[in-house]
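# Provide a 3D model corresponding to the input given below.
(one chain, ligands or ions: 1)
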Amino acid sequence: MELRDRICVVTGGASGIGRALCQRFVAEGARAVVVVDRDADGAVATADALGDRAVARTADVTVEADIEAVVERTESDIGPIDLFASNAGILGYGGIDVSDETWDLVWSVNVLAHLYAARAVVPLMLGRGHGYLLSTASAAGLLTQPGDAPYSVTKHAAVALAEWLAVTYGDQGITVSCACPMAVDTAMLGGGRLAGEGAEGFPVAAAATAAAAVQGVLSPEQVADAVVEGVRAERFLILPHPEVATFEQRRAADRDRWLAGMRRLSGSLAVDPGPSGASGPARPDA
Ligand SMILES: NC(=O)c1ccc[n+]([C@@H]2O[C@H](COP(=O)([O-])OP(=O)(O)OC[C@H]3O[C@@H](n4cnc5c(N)ncnc54)[C@H](O)[C@@H]3O)[C@@H](O)[C@H]2O)c1
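Numbering: from 1, shown residues only. So this is what the prediction gives:
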């Protein structure tokens with residue numbers, strides 16, 4: 001699908017990958033881009049910088065009524081939504097001793113928000129016979145994220161939901177893409193947005209260094225380039241770090257060997273995982 005003349009909604013548009021998607025969609029000639037974020041000032045800043053084809057909407061994606069309101073207002077004030085990008089996401093910062101409250105929050109942002117978006121827009125898109133759902137999951141959703149159990153589990157769920165939507169609605173005019181980057185140079189990698197307890201102890205500098213050392217950190221703009229190319233091709237899996245495809249194949253081909261490699265890699269990272277601690281994004285092909 002080409003973005004020209006399309007009406008797009010992007011959650012998490014105040015920062016990082018979401019902001020880069022908004023910028024790139026406008027540059028591609030989108031008719032309107034709705035910048036959604038719980039960070040009201042950030043959403044306005046993104047939209048203001050993009051001129052009169054972008055509008056800001058404050059919403060908490062974990063609140064279904066907020067997403068419904070964004071969809072209803074976009075459809076009534078601007079027009080039919082062509083593409084809904086569920087991009088907002090957060091880390092969990094820990095392992096098995098992360099609290100239930102944090103698990104619930106990470107699940108809500110990384111998975112339920114994608115469900116709420118689908119509930120709100122799929123009936124409208126089915127009625128029109130076309131529409132595009134884009135979700136930002138993560139390479140952690142295909143592989144794993146050492147040191148962050150909630151993130152790994154919820155990103156797997158985000159990929160699973162996107163696949164289910166593609167299987168269920170793909171023959172009815174709805175196209176689904178799922179972006180699964182590894183490390184990207186955003187506030188998330190720098191630890192600027194926090195999910196819950198323990199975040200202040202997250203060794204972000206070590207994580208960023210480890211990520212840069214093993215597979216390279218992309219800019220949000222590079223991810224946006226990959227997303228636009230993937231949407232143009234209507235490809236389900238969008239891999240801004242192409243090597244993720246190889247890692248996923250190795251994981252599927254010999255799970256025990258892959259797990260052993262991941263254990264070696266986790267152990268070699270220069271961070272202390274502790275009982276719940278986090279380590280950096282890691283390349284799982286060791
Ligand atoms: N940065 C990376 O290395 C990386 C790698 C793979 C996948 N991702 C994924 O990319 C997506 C974007 O992350 P980013 O790196 O740009 O992070 P970011 O922290 O720069 O941006 C995330 C945005 O989401 C918003 N947000 C968080 N919770 C929200 C909520 N409840 N309601 C509304 N908005 C909310 C934040 O305010 C922020 O503007 C996430 O889904 C993330 O998991 C990031």
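# ok, Arg24 to Ser138 distance?
Distance from Arg24 to Ser138, counting by CB to CB, to the nearest Å: 19 Å. Bear in mind the C-beta positions are built from the backbone N, C-alpha and C, glycine included.
# swap in Leu189?
Counting by CB to CB, the gap between Leu189 and Ser138 amounts to 11 Å.
# elements contacting the helix or strand hosting Ser152?
Taking DSSP states H and E as the definition, Ser152 sits inside helix 149-169. For helix 149-169, the helices and strands in contact under the criterion 3 or more CB pairs under 8 Å, 6 or more residues apart in numbering; DSSP states H and E are helix 100-107, helix 113-128, strand 131-136, strand 174-179.
# return the residues of the stretch 151-286 of the chain in contact with the ligand.
Taking CB under 6 Å from any ligand atom as the criterion, the stretch 151-286 of the chain approaches the ligand at residues Pro181, Ala183, Val184, Thr186, Ala187, Met188, Leu189, Arg193.
# if we use 8 Å, what do you get?
Within reach of the ligand by CB under 8 Å from any ligand atom, the stretch 151-286 of the chain has these residues: 151, 155, 158, 179-189, 192-193, 211, 217, 220, 223, 281.
# list buried residues within those residues.
With neighbours counted by 16 or more other CB atoms under 10 Å, those contain buried members at 151, 155, 158, 179-186, 188-189, 193, 211, 217, 220, 223, 281.
# quick one on the thing from earlier: need the helices and strands packed on helix 149-169 in a markdown table (columns: distance to Ala47).
Formatted as a markdown table, the entries for the helices and strands packed on helix 149-169 read as follows, by distance: least, CB to CB, whole Å:
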| stretch | distance to Ala47 |
| --- | --- |
| helix 100-107 | 26 |
| helix 113-128 | 19 |
| strand 131-136 | 19 |
| strand 174-179 | 22 |
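# burial-wise, tell me which of these comes out on top.
strand 131-136 (a mean of 26; mean count of other CB atoms under 10 Å).
# okay, now the sheet partners of that one, with direction.
Counting by DSSP bridges, the strands paired with strand 131-136 are strand 83-86 (parallel), strand 174-179 (parallel).
# let me see the mean pLDDT of the longest one.
Throughout strand 174-179, pLDDT has a mean value of 98.
# send the alpha carbons of it over as CSV?
Once side chains and other backbone atoms are set aside, the C-alpha atoms of strand 174-179 remain, and they are given as CSV (Å, rounded to 0.1, in the frame of the first residue of the first chain):
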residue,chain,number,x,y,z
ILE,A,174,-7.4,-6.2,5.7
THR,A,175,-3.6,-6.2,5.5
VAL,A,176,-1.5,-6.7,8.6
SER,A,177,2.2,-5.9,9.1
CYS,A,178,4.3,-6.5,12.2
ALA,A,179,7.5,-4.6,12.7
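# appreciated, that's everything.
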